[in-house]
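> Here is a sequence together with a model predicted from it:
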Amino acid sequence: MSGTWKVGIDIGGTFTDVIAINAAGGEVRTAKVQSQTSDPIASIVSAYNAIDVCWDGVSDLMHGTTMATNAIVEGNLAPVALIATEGFRDTIEIGRQNRRELYHLDVTPKLPPLVPEQRRVEAGERIGPEGQILKPLCEDEVNRVAGVIDDLNVEAVALALQHCYVNADHEKMLGDRLTGTVKYVALSHEMSPEPREFERTNTTILNAALMPLTAGYLDKLQAGAGDTTNIHLFHSAGGMASIDAVKERPLTLALSGPAAGVAAAGKIAGELNLDNAIGFDMGGTTTDTSVVIDGKVQVGSDQRLAGRPVRQLMVAVESIGAGGGSIARVEGAAVRVGPDSAGAQPGPACYGLGGARPTVTDANMTLGFLNPDRLLGGVIRLSKEKAEAAVKTLSDAFGTSVHETAIGIYRVANASMARALRRVTVERGVDARSCSLIAFGGAGPMHAVALAREFGINRVVVPKFSSVFSALGCLTAELSYAEQHTVRMSSTDWDSGQLDARCQSMKDRLSAPIVAAGHDANMIAIRYIALIRYAGQSDTVEVPFDLPCDEEKLGRDFMAQHKKLYGFATDEPWQFETLRITVTAPSQSHIADLNEIAAVETTTPISVNECWFDAIGSVPTRRFERGALPTDWKIDGPSIIEDDWSTIVVPPGATAWIDPSGHLIIEAGMD
Amino acid sequence: MNYESNRGPDPFTIEVIRNALTAIAEEMSLIVMRSARSPLLREAGDLSSALTDSDGNLIAQGRDIPAHLGVMGSTVQEFLKRVPPEKLEPGDVWFMNLPEAGGNHLPDVKAIRPIFAEGTIQAYAVSLAHWADIGGARPGSYVPDARDAWQEGLRIPPLRVFTQDGPDREKLDVILANVRGPEEREGDILAQMASTYSADERLQEVFSRYDAATVRAAIADLHDQSELEMRAAIRTIPNGVYEGEDWLDDDGLGGEPIAVRVRIEIHDEEATFDFSETGDAAAGPLNATPFTASASVFYAMKVIAGPDIQPNAGCARPLSIITREGSLLHPPLDKPVVGGNHETSQRIVDAIFNAFEVLLPERLTAGGSTTSGLLLFSGRDPRTGQWTTLYEVHGGGEGARHDRDGMCAVRPHMSNVMNTPAEVIEANYPIIIEGQALRRGSGGKGIYSGGDGQVRTYLINGPEVVMTSMVERCVIPPYGMQGGEAGETFQITLERASGETTNVAGKAHLRLEQGDRIIMKTSGGGGYGTPPAE
């Protein structure tokens, strides 16, 4: 008998979040358990136990994980052999030859190459920039290279030949030859079919290096789940992928966890009819910001992970090293917040685990926002005295009062958040004032209204299930695949027949696994995006279009978008550089329909205590239990609304209420 | 340190404002890089951005090129000497490139926009971009055998190219008529304009939150903070007089090596850098402006004494710089300077390192490939019929340190411009890259070895191509330190299609034909410490 539970799980570094819905009856269960870092399967089992379901009871498991991210960050990667074009095996060591730090001679200027010299092999072949074969790859050479690889005795091989993005024949020849003799092969024209050899090669190597680890994990997962559970994984571009697709491209898991949170934010924006929104995920050590424009989660292909270039489609997330655990300190005559963090151990001073330096969380505690009478996550009791003592170390240095100092830390933390938020909106040409702010993560809802006011944003949304937000993103995600390919077609040399044919074949290929999963091909949502630039420019502008592609309209839309992003546009010829396609299975679940069993409604506050919203003085502030609030009942600030995992600050001048959708809405108002 | 609340903005407000200003400068660079046309800007990132106060004191900069950042403030100060602030209007963008007006060399063109709030000028936004061509005798505007300043290209005194109503088409046309690749240049000009426009918009948001007096007070405080930090940094160097020197290979016209000499006097919290003993102005284009010399001193002091000091005008207050008129570092106005910006500026850093070698070896690195290693290829692409210019810099080995080997193929010190990927070169220029490899064994030996240089082979794939080199360390090798060996020098080889092979000088200009090859071998870094016996 097959199960009735649909489960979303996000395995993070510290916690594993789970949310499940029962197809029969619609019951929703959530939990947050400690991650078992050494054994992710155990994390899943422990999450299942916490919501009282077993493998047999689960029909669908949708799963996000930081496994790939951690492997890259910690350098825990399988040994890879690299095959490069003759003359180019050192490309990954030369890199772009720029140094990381301008003024620090004590830091090595570049990261060491991902593959050491002795495992870098050259193949005698050469393809030119238009795909012409300058030196053919002969059968003997293929065999010679295969022999060298064989002697290297590695499980994984990355293949990255010059100009393979216009002509993949040589990569395919070598790839075919190695299949069967080498267990894992990654081909660069599949990973990142775009020019720039250093970045493409690195991307391909990272993928190859993750293949053994990922395959091992997924095999175990499948064995655990048996035949009764369908397993999908959350990929970095913001959708679900099948196990087989992820085994081929484990690098697509690089931003799995954050992408699931961003996807949930996008989904909520859609359900609440918010055109533009900013996802604001503030955790203990990092803050991730992301953008939703016209209801679409924004993706990009030019990002870095642990200092390494990664060229594949991933949700555009701007990450900064500042969060609730960031330490405030005196530097010379100045104050700085972060990037040092108290992390989970010892954590902020108020956790009472030995931390003594003032963190952003300690400032929030000092200001009265956090509740000393409530156990954080049902476990940690927060100490106001310890928080104030830590903040006092800084106020002594500046001669300010403890509360002035705490407000100061709060404001400086917001300023660095604002910088991240600025980058992510500017890069997309969005005016932040047109956005709503969707706040999640442990610390997000405490800073959201202050940050919103900084940008002139009026509406803040603190979603329901925000403590298991990435798991929620998994649970409600659709099957979706995205890819992009170099086209390089000039507006003066337009061939719509060729373009339409290309779109069609890419669409068919990406749709195949969705159709195979039982979806009606006619119901699949397809998005075509042209990446266009003027001849000679580097960056492209994203312009959506429909088939058949109307060149004139595309040109007009490009100029309008270019003007919006850069303040100017000219009517000179342009180039259709890259084609991006996203295919998405029809949407089946809605966050608005997910509801936990309601608590007894009450408008009576749990308590009233003093909070400081400015340095002048404290005001009595009511504190409410989120789960007990009646729908549409307006709460004016100053108020605090809390649950076991998060604290929502509603400052004076703001108004909050629970929307019929279950999300908490705050009108930011003015301070 | 005590903070008194009636003194001005509190330290938290200052930090909030600092964050906002730095973000604005960073955003400016991002905009130029994303919207510019020439690969030099979009691929290699040869650009910088900064904000100054109304007197031209640097207040914030993006993370860009050290050689540029030292001249941003002086550019605005010299601009204001020539254009009285009364003449400036909101929405103006002025362009200028005169080396003697706070500048470095003609290709680095600055766009300056006054930022108004409360009816007066509060700040200037400056966008510097290296134009791939500024006219003059040779494509790419590098003339290794130039004997006067006018051969190097178009000289732009402060010129109002944009007003609130948009571009002044006539002025724009004068500029574009005097540079090669006018379409590409116009795109770059628009990109620079766009970056100052965004700076204006963002600063208006800052001024809508804080009144101008508060922002000014915060900026003054940031300057004071940096000054204090620089003073503390100088204190870490014992008082005394330290002398150092380094040598340019030649003056571009084939002359003898030219000395760059510095006499540094450290006195408690202040430092004087006297370059009077440096050689006379060069006949060729290796002269550097005093502004470039300041940029080098500023860089050297940061890496030696205070890498984390917030870079702004306050840092410069405890530093005095003396250059002798008529010398290599203070040339007469008619002297060419194009190479001085990135070659002689590096010699200055090396001379300062040399002065401190005995006293502070653990804070330094041995000699590296302190040159742009610049090759300019210019020619008609047979595929498009278009004239194109590739401006390509080449990193080499980094010098070793007391605790680690030098790294291979990297850009040390005053520059940090990237390479252009082989695939991008081949798609845009009549050139095939036959290989890019490490030049193994080129780093000097030592307890720690210098990094290796690289070898890149260019095969000419078009009928008419000219090449210019502007490369140092072809004669004088990157020095070892504390007994370490020197690295190999640069070596540029021309292999004619006929098979004939010749050596190419570090400052040369030649015609190439289809099938010719240029093999660029970059220098290795110097070693650190006497190498152990084999």
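Yep, it's here.

> In contact with B:N428, which residues?
Listed by Cβ atoms under 8 Å, 6 or more residues apart in numbering or on different chains, the contact set of B:N428 reads B:39, B:381, B:388, B:390. Any C-beta I mention is one placed from the backbone N, CA and C, and that applies to glycine too.

> okay, now residue 476: neighbour count?
Picking chain A for this. Around A:T476 there are 26 other residues, counting by other Cβ atoms under 10 Å in any protein chain shown.

> The intended chain is chain B.
For B:I476, the count of nearby residues is 19 (other Cβ under 10 Å).

> wait, isn't it in contact with B:D249?
Yes: in this structure, B:I476 is within contact of B:D249 by Cβ atoms under 8 Å, at 5.8 Å.

> which neighbours do the two share?
With contacts taken as Cβ under 8 Å, 6+ apart, the residues that reach both B:I476 and B:D249 are B:P257.

> can you pick the most crowded of the contacts of B:N428?
Most crowded among the contacts of B:N428, counting by other Cβ under 10 Å, is B:P39 at 25 neighbours.

> Now that one: closest residue in space, sequence neighbours ignored.
B:T420 (5.8 Å; Cβ to Cβ, 6 or more residues apart in numbering or on different chains).

> quick one: the one you found is in a strand?
No: counting by DSSP: H, G, I helix; E, B strand; the rest coil, B:T420 is not found in a strand; it is coil.

> Please give the number of neighbouring residues around it.
Other residues near B:T420 come to 22 when the count uses other Cβ under 10 Å.

> The contacts of B:N428 into TSV, with extra columns for secondary structure and pLDDT?
Formatted as TSV, those follow (DSSP: H, G, I helix; E, B strand; the rest coil; pLDDT from 0 to 100):
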residue	secondary structure	pLDDT
B:P39	helix	72
B:D381	coil	88
B:T388	strand	85
B:L390	strand	90
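
> How about residues contacting stretch B:72-80?
With Cβ under 8 Å, 6+ apart as the test, stretch B:72-80 has contacts from B:48, B:50, B:52, B:55-58, B:61, B:94, B:96, B:98, B:100-103, B:110, B:112, B:124, B:126, B:128, B:158, B:291, B:294, B:313, B:316.

> Quick check: the closest residue to chain B within the stretch 351-500 of chain A vs A:A334, distance?
As assessed by Cβ to the nearest Cβ, chain B sits closest to A:G408 within the stretch 351-500 of chain A, at 3.0 Å. According to Cβ to Cβ, to the nearest Å, A:G408 stands 12 Å off from A:A334.

> Pull up the overlap in contacts between these two.
Contacts common to A:G408 and A:A334, judged by Cβ under 8 Å, 6+ apart, are B:P11.

> Between those two, tell me which one has more neighbours.
Taking other Cβ under 10 Å, A:G408 and A:A334 do not tie; A:G408 has more neighbours (26 against 20).

> buried residues in the least confident helix or strand in chain B by mean pLDDT?
Every helix and strand in chain B was compared by mean pLDDT, DSSP states H and E; the lowest is helix B:39-42, with a mean of 75. Neighbour counts over helix B:39-42 (16 or more other Cβ atoms under 10 Å in any protein chain shown) mark B:39-42 as buried.

> and if you look at stretch A:221-230?
Residues A:221, A:225, A:229-230 are the ones in stretch A:221-230 that count as buried (16+ other Cβ under 10 Å).

> Using CSV, list the CA coordinates for it.
Coordinates of each C-alpha in stretch A:221-230 appear next as CSV, following Å, rounded to 0.1, in the frame of the first residue of the first chain:
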residue,chain,number,x,y,z
LEU,A,221,18.4,7.3,0.2
GLN,A,222,16.6,5.2,-2.5
ALA,A,223,17.3,2.0,-0.6
GLY,A,224,15.9,3.5,2.6
ALA,A,225,12.8,4.8,0.8
GLY,A,226,12.1,1.6,-1.0
ASP,A,227,9.7,1.5,-3.9
THR,A,228,6.8,3.3,-2.2
THR,A,229,8.3,6.8,-2.0
ASN,A,230,9.0,9.1,-5.0
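
> What are the contacting residues of it?
By Cβ under 8 Å, 6+ apart, the residues outside stretch A:221-230 that reach it are A:2-3, A:40-41, A:44-45, A:55-56, A:58-61, A:63, A:231, A:243.

> rerun at 10 Å
The contact list for stretch A:221-230 (Cβ atoms under 10 Å, 6 or more residues apart in numbering or on different chains) reads A:1-3, A:5-7, A:40-42, A:44-45, A:55-63, A:65, A:231, A:233, A:242-243, A:517.

> where are the low-confidence patches of the stretch 51-200 of chain B?
Filtered on pLDDT under 70, the stretch 51-200 of chain B yields the residue ranges B:63-64.

> For it, just list every one of the strands.
Counting by DSSP state E, counting those that start in this stretch, the stretch 51-200 of chain B has strands at residues B:58-61, B:93-96, B:108-117, B:120-130, B:159-163, B:166-167.

> tell me what the last one is packed against?
Translated: strand B:166-167. Other elements packing on strand B:166-167 under the criterion 3 or more Cβ pairs under 10 Å, 6 or more residues apart in numbering or on different chains; DSSP states H and E are helix B:182-209.

> quick one: is the helix it packs on near chain A?
Yes: under the criterion of Cβ under 10 Å from any Cβ of the partner chain, chain A is reached by helix B:182-209 at B:183-184, B:186-188, B:190-191, B:193-195, B:197-198, B:201-202, B:205, B:208-209.

> Can you name the next helix or strand after that helix?
Next in sequence after helix B:182-209, counting helices and strands by DSSP states H and E, comes helix B:212-235.

> Is there proximity between that following helix and chain A?
Yes: counting by Cβ under 10 Å from any Cβ, contacts between helix B:212-235 and chain A involve B:221-222, B:224-229, B:232.

> Out of these, which end up buried?
Burial by neighbour count, judged by 16+ other Cβ under 10 Å, picks out B:221-222, B:225-229 from the residues of helix B:212-235 next to chain A.

> Quick check: the residue of the stretch 351-500 of chain A closest to chain B touching A:F398?
Yes: shown here, A:G408 and A:F398 form a contact pair, counting by Cβ atoms under 10 Å, at 8.1 Å.

> what do these two both touch?
Residues touching both A:G408 and A:F398 (Cβ under 10 Å, 6+ apart) are A:335, B:10-12.

> Which residue would be the closest one in the stretch 201-350 of chain B to chain A?
Closest point on the stretch 201-350 of chain B to chain A, by Cβ to the nearest Cβ, is B:P307, at 4.1 Å.

> How about that residue: what's its closest non-neighbour residue?
A:Y103 (4.1 Å).

> what's the nearest residue to residue 378 if we skip its chain neighbours?
With no chain named, the answer covers chain A. Spatial nearest neighbour of A:G378, excluding adjacent residues (Cβ to Cβ, 6+ apart): A:D644 at 5.5 Å.

> that's the other chain; I wanted chain B
Nearest residue to B:S378, sequence neighbours excluded (Cβ to Cβ, 6+ apart): B:P139, at 3.4 Å.

> All set now, cheers.
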